[in-house]
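I need the structure of the sequence given here:
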Amino acid sequence: MIWMARVKSVTMDEPNHIARGVTYLRAGDMRLGYLHPPLINVISALPLALDSSIVVPLDHSTWQNRELGGFANQFLWRSNANTQSIVFRARLPIVALTLLLALVVYAWARELYGRRASVLALTLTAFSPGLLAHGALATNDAGFTCFAILAAYAFWRWLQQPGWKRAAIASIAFGLAMATKLSALFLIPALALTAIAYWLSDPSEENPLRRIARLSGWLVLIGVAGALILWAIYGFKVGEVEGAGITLPAPGYIADLKLLQVRNDQGNPTFLFGSYSMTGWWYYFPVAFLAKTPLPAIALMVAAGVYVIRKRTWRKSLPLLIPVAIYFAVSMAGALNIGYRHLLPALVLLTIFASQLAEYRWESKPRLAWGAATVILWLVVSVGATFPDHLAYFSEIVGGTRYGYKTLGDSNLDWGQDLIGLKEYMQREGVSSVKLSYFGSVEPEVYGIEYEPLPAYPLHRWSKDYIPVQLLEPEPGVYAISVTNLQGIFFRHHELYAWFRERRPDAVIGHSIFVYRVK
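Now for the predicted structure:
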């Protein structure tokens with residue numbers, strides 16, 4: 001992940017995340033905190049806030065006008081000269097959180113299923129392309145996953161032995177998870193239903209309903225304490241929620257919930273197997289999970305399901321499976337089909353679930369043991385071969401990483417991460433300038449790329465409903481096109497780059513930028 005943090009250019013959302021964290025630490029102001037609680041951004045920005053040489057342009061008009069994108073660009077590309085160093089340092093705390101997540105996975109699997117299971121869980125985590133990719137970026141997806149799994153683990157430990165100490169730890173973990181991302185709201189029904197199912201299935205002599213009544217007070221206490229921690233992270237602020245006309249604690253959090261609802265109602269341009277939609281499909285996330293989760297990992301998850309059914313040990317897996325079911329249900333109900341990265345918490349829980357296969361007495365079935373070893377070796381080779389392009393990983397179900405661009409786009413594959421790779425290609429091939437359609441928020445010239453802009457998104461945006469002549473009959477030259485733009489996902493005219501899409505690229509940069517040499 002550290003290597004990937006060095007060789008990958010700034011992705012679409014990173015400037016905004018970094019700017020949020022730095023300004024909150026330097027100015028104590030959350031005016032740029034749109035749609036996201038601050039905790040992960042703050043953790044990511046810690047190495048930057050401690051460096052007095054980094055200039056934070058709080059006197060710029062974009063800060064006064066609360067223009068997040070404009071301020072982020074001003075901060076990273078104009079006010080400071082050491083941009084790549086700033087981005088790299090902001091990524092390192094996320095790498096650390098991902099390592100913490102791996103330790104939590106190891107500990108939970110060991111307590112649930114034993115030592116051998118913990119080693120298998122750690123192996124599956126270490127070769128999870130989604131975690132490797134987003135664990136090297138200064139965004140909040142890997143950090144949210146870390147704290148969400150930590151909250152679920154702490155809650156499970158409290159279920160095992162209810163008491164003040166474990167309840168306090170569960171409350172802290174729950175509050176921290178809520179402060180990472182609005183998606184953490186799924187923990188409320190997930191943990192509550194887990195507790196009810198766990199108590200109802202308890203074989204002890206005590207009446208299950210009486211047990212629920214006796215312990216429900218603990219649930220309320222954990223929830224209230226977690227809410228207080230969330231409020232503390234928002235500075236114990238009380239104020240009027242913008243546009244609502246009511247005064248509440250943590251008004252910024254409530255305002256973000258309203259913005260999220262608005263965005264969900266509006267939808268987002270989405271691509272799936274050649275189809276386009278603004279509201280998505282109910283089956284988008286299941287398909288994304290199958291397309292981007294390594295096939296050997298899926299095979300182990302399915303085998304674990306069969307193993308649980310045959311052994312009738314389903315109760316032990318309830319704290320893993322109930323949150324997965326809730327998370328998928330919430331994800332599938334929304335209209336924001338914007339990436340596999342949103343499924344990382346479910347992926348980690350299923351990874352722990354799959355690790356129980358290590359409990360099986362493989363010594364008595366040597367052929368099965370060799371088969372399992374082959375599946376794990378398949379995982380290592382499949383994921384390792386994609387390094388350092390794990391963001392673009394696709395499983396063999398859809399033809400592998402080479403053909404992933406035909407299945408999904410945006411953060412599933414192309415998030416603007418390969419400008420450094422494009423610059424290296426140009427130097428290696430002696431290309432002085434390219435005709436570029438780049439999908440990303442950074443201006444390519446900051447990486448020293450000489451280019452002629454083509455219709456792109458969001459820079460050099462093309463919003464017309466016709467194809468310009470220069471793309472119908474391309475002039476000679478070297479064309480570099482991000483695959484999200486190649487598929488026309490964010491254009492009114494999806495066939496904008498159809499001429500290129502019908503041809504095999506002459507080179508592929510990180511699986512996200514296609515290069516065509518037009519003679």
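
got the domain boundaries for the chain?
With automatic domain parsing as the criterion, the domains of the chain are listed as 2-90, 95-384, 410-518.

looking at those, which is closest to residue 396?
When the domains of the chain are compared for distance to residue 396 using C-beta to C-beta, the nearest one is domain 95-384, at 5.1 Å. The C-beta positions use only the backbone N, C-alpha and C, and glycine is treated the same way.

which residues touch the nearest residue to residue 273 once chain neighbours are set aside?
Counting by C-beta to C-beta, 6 or more residues apart in numbering, residue 273 lies nearest to residue 407, which is 6.0 Å off, once chain neighbours are set aside. By C-beta atoms under 8 Å, 6 or more residues apart in numbering, residue 407 lies in contact with 272-273, 291, 394, 398.

in the chain, which spans are strands?
Here the chain has its strands, by DSSP state E, at 238-240, 247-249, 270-272, 275-277, 434-437, 439-440, 451-453, 457-458, 477-482, 507-509, 513-518.

could the contacts of residue 407 be laid out in TSV, adding neighbour count?
Below are the contacts of residue 407 laid out as TSV (neighbours: other C-beta atoms under 10 Å):
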residue	neighbour count
272	19
273	11
291	20
394	26
398	18
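
how about those in a markdown table, adding distance to residue 511?
Below are the contacts of residue 407 laid out as a markdown table (distance: C-beta to C-beta, whole Å):
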| residue | distance to residue 511 |
| --- | --- |
| 272 | 18 |
| 273 | 18 |
| 291 | 14 |
| 394 | 9 |
| 398 | 13 |
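
ok, so of the residues you listed, who is nearest residue 79?
Among those, residue 394 lies closest to residue 79 (C-beta to C-beta), at 38.1 Å.

re the thing from before, tell me which entries of the contacts of residue 407 lie within helices.
residue 291 (DSSP state H).

any chance of the contacts of residue 407 in JSON lines, plus pLDDT and distance to residue 300?
Compiled in JSON lines, the contacts of residue 407 are given as follows (pLDDT from 0 to 100; distance: C-beta to C-beta, whole Å):
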{"residue": "272", "pLDDT": "95", "distance to residue 300": "26"}
{"residue": "273", "pLDDT": "94", "distance to residue 300": "26"}
{"residue": "291", "pLDDT": "96", "distance to residue 300": "17"}
{"residue": "394", "pLDDT": "97", "distance to residue 300": "18"}
{"residue": "398", "pLDDT": "94", "distance to residue 300": "19"}
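
the lengthiest helix in the chain - what's its average pLDDT?
The helix that spans the most residues within the chain, counting by DSSP H, is helix 83-113. Helix 83-113 shows a mean pLDDT of 96.

which helices and strands does it pack with?
The contact analysis (3 or more C-beta pairs under 8 Å, 6 or more residues apart in numbering; DSSP states H and E) places helix 83-113 against helix 2-7, helix 14-27, helix 39-49, helix 115-126, helix 129-134, helix 141-160, helix 344-354.

can you give me the angle that helix makes with helix 39-49?
Interaxial angle of helix 83-113 relative to helix 39-49 (axes from the mean of the first three to the mean of the last three C-alpha atoms, to 10 degrees): 140 degrees.

in helix 83-113, what counts as buried?
83, 86-98, 101-102, 104-106, 108-110, 112-113 (16 or more other C-beta atoms under 10 Å).

give me the below-cutoff pLDDT ranges for the chain.
Where the chain drops to pLDDT under 70, the residues are 205-206, 243-244.
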